[in-house]
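1. 3D model of this:
(2 chains)
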Amino acid sequence: MRNSGSQFLRNATIFVVAAGLVIFALSGYMQPLFRTALTPLVTVQGWLSTRFMAVYEFVTVPRDINSLRSQNQALESEVAGLQAQIIELEQQLREAQVLYALLDFARSSPESQYVAAAVIGRDPSPFLHYVIIDHGSDDGLRHGMPVITDQGLVGRIDALTATAARVQLITDPGSTVNVRLESTRTEAQITGSVTGEITLGLVSPDTTLQPGELVLTSGLGGGYPPDLLIGQVVSIRSASTDLFQSGSIQSVVDFSALQAVLIITNFRPVDISPLIPSTP
Amino acid sequence: MGFLAAFPVLIVALMLQLAIFSRLPLLHGTADLMLVVLVSWALQERVRSAWVWTLIGGLLVTLVSGLPFYTPVFGYLIATGLARMLRRQVWQTPILAMFVTVFTTTLIYHALSLGMLQIAGRGLPLIDSLTLITLPSVLLNLMLALPVYTLITDLAHWINPAEIA
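-> As a prediction, this is how the structure comes out:
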């Protein structure tokens, strides 16, 4: 009987204390106590969680590396493919730019008829300055027809097959072109050389020759049509004892990077050699 | 069989020459792949068709080049003759014979080209031609000599396998 009375008293005390704690907690009086008690728990929980995630990642990473490697390989092959496409497109763009420039030139000079051709090779002999083009007599090309770019005179056709032609550049040592100086309208002559330099010669000593003067074809001799741009004078050589002045010409055409050319097909060169008296 | 192989090999060599090697100058000189190929072929011990190869190669180059009077044909024939002669003299070290032949034949071929152009009425300055064209061309041909000789040796062994007694 005494035991059951003390047990009741103990249970009642626990209930009263618990109810008091609940009432205190609900009324907010327990917050500092909770904060003090929970802070180390949260810290420990955070530490535990971090370590667990580290262990988890350590266990699962090998699978991710394999998948990343396969993804990387796929991306690398895609990048390589795209780079190849870029190079191909850049090449096509360059070709298109050259062809557009030639087309613009052809449109701006409608009096002439043109055939466009690609440069496919150079003469095997380093002593000669010839290029091979991919159009021949089947395309209406004939011996002696002038070859130009949108920038200026390139040369003329020297030999032909049905599907290809050989063009003698104006830089060839065997090339001679009758020219006219633009400002003074003086006739002169240019010749090529073994090094590809163009020399201006047969300029009258009375002519005032200035660097920068434009040089155009004169049309004399019937080898080339008149007024095709060749280049400009860069240096002058003249002495009082010389019969003629001479100089160097900077061509407007970059002969080392010729990709495409135009052939003027409605110009037929005139062969005046029978009219030149032979020297005894 | 030997001379039939000349057509694909020499046509490929000519195409490479026109499209690539003629566009890669050193100063103003360029490598002459056809000359190096023909000399390499002529130096091969088992080869019997060197003269036919030379004629075909010379005619192919004459077809595309502006050099007058079949100069490539004569130039390459001289090169092959010299190579066959040197092959007998320095047969124990064929690669040495290759370098000596390429050096000598390039000089001879360029001298012949200059002479023929002179006869054709194109006066070329001798010193400029030698320093700006011939000597750089000699150097480029010597650089080509070793790889071309290796390739042509393999080709010669493939076309003319050793006879087993």
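2. What residues does chain A have near chain B?
-> Within chain A, the residues that sit near chain B (Cβ under 8 Å from any Cβ of the partner chain) are A:120-128, A:130, A:132, A:158-159, A:166, A:168, A:172-174, A:193-196, A:256. To be clear about C-beta, it is placed using only N, CA and C from the backbone, and glycine gets the same treatment.
3. from these, which would you call buried?
-> By neighbour count, with 16 or more other Cβ atoms under 10 Å in any protein chain shown, these hold A:121-128, A:130, A:132, A:158-159, A:166, A:168, A:172-174, A:193-196 as buried.
4. So which of those residues are in helices?
-> Using DSSP state H, no member of these falls in helices.
5. give me the number of residues near residue 156?
-> Picking chain A for this. Residue neighbour count, defined by other Cβ atoms under 10 Å in any protein chain shown, stands at 23 for A:Arg156.
6. look at chain B instead
-> 19.
7. A:Ala117 now?
-> For A:Ala117, the count of nearby residues is 24 (other Cβ under 10 Å).
8. A:Val261 is in contact with that one, correct?
-> Yes. Applying Cβ atoms under 8 Å, one finds A:Ala117 in contact with A:Val261, separated by 5.7 Å.
9. Please enumerate the shared neighbours of these two.
-> Counting by Cβ atoms under 8 Å, 6 or more residues apart in numbering or on different chains, the residues touching both A:Ala117 and A:Val261 are A:Ile133.
10. What residue in chain B comes nearest to chain A?
-> When scored by Cβ to the nearest Cβ, chain B has B:Leu18 as its residue closest to chain A, at 3.0 Å.
11. Not counting residues beside it along the chain, what's closest to that residue?
-> Closest residue in space to B:Leu18, ignoring its immediate chain neighbours: A:Gly121 at 3.0 Å, by Cβ to Cβ, 6 or more residues apart in numbering or on different chains.
12. dump the residue contacts of that neighbour.
-> Contacts of A:Gly121 by Cβ under 8 Å, 6+ apart are A:Val131, A:Ile132, B:Met15, B:Leu18, B:Ala19, B:Ser22, B:Val64.
13. wait, is A:Gly231 part of a helix?
-> No. Using DSSP: H, G, I helix; E, B strand; the rest coil, the assignment for A:Gly231 is strand, not a helix.
14. Leaving aside the residues adjacent along the chain, what's closest to it?
-> Residue nearest to A:Gly231 in three dimensions, not counting chain neighbours: A:Ser251, with 4.1 Å by Cβ to Cβ, 6+ apart.
15. Run a quick neighbour tally on that neighbour.
-> Look at A:Ser251: counted by other Cβ under 10 Å, it has 23 neighbours.
16. May I ask you to confirm that it is in contact with A:Ser175?
-> No. In this structure, A:Ser251 is not within contact of A:Ser175 by Cβ under 8 Å, at 11.6 Å.
17. Please report phi then psi for A:Gly201.
-> Phi and psi for A:Gly201, reported as degrees, to the nearest 10, are phi -140, psi 180.
18. so what's it scoring on pLDDT?
-> With respect to pLDDT, A:Gly201 has a value of 87.
19. One more: A:Gly28?
-> Confidence at A:Gly28, expressed as pLDDT, is 79.
20. Helix or strand for it, just tell me which one.
-> Under DSSP states H and E, no helix or strand contains A:Gly28.
21. circling back: got the contacts of A:Gly121 as a markdown table, with distance to B:Ile119, pLDDT and secondary structure columns?
-> Formatted as a markdown table, those follow (distance: Cβ to Cβ, whole Å; pLDDT from 0 to 100; DSSP: H, G, I helix; E, B strand; the rest coil):
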| residue | distance to B:Ile119 | pLDDT | secondary structure |
| --- | --- | --- | --- |
| A:Val131 | 24 | 92 | strand |
| A:Ile132 | 24 | 91 | strand |
| B:Met15 | 30 | 90 | helix |
| B:Leu18 | 25 | 89 | helix |
| B:Ala19 | 30 | 88 | helix |
| B:Ser22 | 24 | 89 | helix |
| B:Val64 | 21 | 88 | helix |
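22. Narrow these to those that are buried.
-> Looks like the contacts of A:Gly121 have A:Val131, A:Ile132, B:Leu18, B:Ser22, B:Val64 buried, using 16+ other Cβ under 10 Å.
23. Relative to chain B, which residue of chain A is the closest?
-> A:Gly121 (3.0 Å).
24. so what's that residue bridging to?
-> Here A:Gly121 sits in beta bridges with A:Ile132, going by DSSP bridges.
25. Look up how far A:Gln259 lies from the closest residue to A:Gln151 other than its chain neighbours.
-> Distances taken as Cβ to Cβ, 6+ apart put A:Val252 closest to A:Gln151, at 4.6 Å, once the chain neighbours are dropped. A:Val252 sits 16 Å away from A:Gln259, going by Cβ to Cβ, to the nearest Å.
26. With B:Ala156 as the reference, measure out to the closest residue to B:Pro125 other than its chain neighbours.
-> Spatially, and ignoring its direct neighbours in sequence, B:Pro125 is nearest to A:Val194 (6.5 Å; Cβ to Cβ, 6+ apart). Using Cβ to Cβ, we find A:Val194 at a distance of 36 Å from B:Ala156.
27. ditto for B:Thr150
-> Distance from B:Thr150 to B:Ala156, by Cβ to Cβ: 11 Å.
28. same deal with A:Pro211?
-> Plainly put, A:Pro211 is 58 Å away from B:Ala156 if you go by Cβ to Cβ.
29. who's A:Ser248 bridged to?
-> In beta-bridge terms (that is, DSSP bridges), A:Ser248 pairs with A:Thr199, A:Ser235.
30. which residues in chain B form helices?
-> B:6-19, B:33-42, B:50-64, B:71-89, B:94-119, B:126-128, B:135-159.
31. Name the residues of the longest one that come out as buried.
-> Within helix B:94-119, the residues that qualify as buried are B:94, B:97-102, B:104-106, B:109-110, B:112-114, B:116-117, counting by 16+ other Cβ under 10 Å.
32. need the residues of chain B near chain A, please.
-> Contact residues, chain B versus chain A (Cβ under 8 Å from any Cβ): B:14-15, B:17-19, B:22-23, B:25, B:28-30, B:32, B:34, B:61, B:64-67, B:72, B:110, B:113-114, B:117, B:120-125, B:128-129, B:132-133, B:137.
33. cutoff 6 Å now
-> Contact residues, chain B versus chain A (Cβ under 6 Å from any Cβ of the partner chain): B:17-19, B:22-23, B:28-30, B:61, B:65-67, B:113, B:122, B:124, B:128-129, B:132-133, B:137.
34. If any of the residues you listed are buried, give me the PyMOL selection for them.
-> In PyMOL, this line selects whichever of those come out buried by 16+ other Cβ under 10 Å:
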select buried, chain B and resi 17+18+22+23+28+29+30+61+65+66+67+113+122+124+129+132+133+137
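35. low pLDDT regions in chain A?
-> Per-residue confidence for chain A (pLDDT under 70) gives these ranges: A:1-3, A:61-64, A:278-280.
36. Run through the strands of it in chain order.
-> Assigned by DSSP state E, the strands in chain A fall at A:114-122, A:130-133, A:146-148, A:153-160, A:165-169, A:176-181, A:187-191, A:198-203, A:214-217, A:229-237, A:245-251, A:260-264.
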